[in-house]
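[1] Attaching a predicted model along with its sequence, questions to come.
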Amino acid sequence: MQDQVFKSGFVTIVGRTNVGKSTLLNSMLGQKLTIMSNKPQTTRHKIQCVLTGLDYQVVFIDTPGIHKPKHKLGEHMVGTALNTLREVDVVLLLVEAAMPGPGDLYMLEQLRKVNSPVLLAINKIDLVKPADLMPIMATFQQARNFAEIVPVSALTGENIEYLRQVIIGYLPKGPQYYPCDIVVDRPERFIMAELIREKVLHLTSQEVPHSVAVVVEAVEQRSEDLVAVRAVIYTERESQKGILIGKDGKMLKEVGQQARKEIEILLGSRIFLDIRVKVKKDWRNRDIDMRNFGLLEE
């Protein structure tokens, strides 16, 4: 009997902001590894998440959404997303179940330069009638000859397993890049900071969400089943700090309570979470601040 062929490769997930890239990735992985929000530009980093099976390993690259940047951080985010197109074995373009918009058309133009197989996943099909889906699929196929088009719902899980198998089918023969127990290439402190930022995105509105950065400054094992985590939420203005703290500290308390529950799941331990709020003016346009916050890679 011949040895079973092992397939592996890197797959980048790209698309405009707020199409559900992180939700799709978490659904395919079967666990929450990237933060989710209904606000655009939620993902700021290139995050590698690993799915390993008996005869395959997929390294998914979750990228920031493509958008028109308004500051240096936005320019870095868009550049990060576009640069991954040259680094991978498979590109997965994610769009909503609607006719192509300006953001989709821009992505389609960028994909003309890609030689790797390009798959199209049409997300949020739970929000449209099946009869309306066929013209959408036909329009996208006319715009670019995709290797495969798969309609999915990242929210309900519809067709997610099929999409996973389609992706694996396009992977080349290759090595196992990561051990079986590695599921994300970021340290626990990074994930904890992202979980806190996710709660800020959910609980605040208007100008506050995207002006914040979260840094986990210290993690201390207090006892066998208690870990103390100290974090700082940085924002750009005193008015935003006031919103984040809230009347009598209620907003900050709610952020902490919601984040603590998910960090306890992450670490498998009770958590004492201490969160402070500080102002760092105009940090999104300052390279030194973005680097200190881990948002610019060397």
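    The structure has been received and is ready for your questions. Numbers count the residues shown, from 1 in each chain.
[2] how's this protein carved up into domains?
    Domain segmentation of the chain under automatic domain parsing yields 7-169, 188-292.
[3] With Cys180 as the reference, name the closest of these.
    domain 7-169 (5.1 Å; CB to CB). C-beta here means a position set from N, CA and C on the backbone, and glycine is covered the same way.
[4] still on that earlier bit, can you lay out the domains of the chain as TSV showing distance to Gln176?
    Below are these laid out as TSV (distance: least, CB to CB, whole Å):
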stretch	distance to Gln176
domain 7-169	5
domain 188-292	23
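[5] would you turn those domains into a markdown table with mean pLDDT and mean neighbour count?
    Compiled in a markdown table, those are given as follows (pLDDT from 0 to 100; neighbours: other CB atoms under 10 Å):
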| stretch | mean pLDDT | mean neighbour count |
| --- | --- | --- |
| domain 7-169 | 81 | 18 |
| domain 188-292 | 84 | 17 |
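[6] So for Pro175, which of these sits nearest?
    Comparing the domains of the chain by CB to CB, domain 7-169 comes nearest, at 6.1 Å.
[7] Endpoints of the closest one, how far apart?
    When the termini of domain 7-169 are compared using CA to CA, to the nearest Å, they are 9 Å apart.
[8] How about stretch 148-164?
    12 Å.
[9] roughly how far is that stretch from the heart of the chain?
    On the basis of CA atoms, centre = their mean, to the nearest Å, stretch 148-164 sits 17 Å off its chain's mean C-alpha point.
[10] same thing with stretch 124-139?
    With CA atoms, centre = their mean, you get 25 Å for stretch 124-139.
[11] before we move on, what about stretch 20-30?
    That offset, for stretch 20-30, works out to 8 Å (CA atoms, centre = their mean).
[12] which residues of the stretch 51-200 of the chain fall in strands?
    In the stretch 51-200 of the chain, strands defined by DSSP state E, counting those that start in this stretch lie at 56-62, 90-96, 118-123, 148-151, listed in chain order.
[13] possible to save the ones you listed as JSON lines with distance to Met134?
    Compiled in JSON lines, those are given as follows (distance: least, CB to CB, whole Å):
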{"stretch": "strand 56-62", "distance to Met134": "28"}
{"stretch": "strand 90-96", "distance to Met134": "15"}
{"stretch": "strand 118-123", "distance to Met134": "11"}
{"stretch": "strand 148-151", "distance to Met134": "10"}
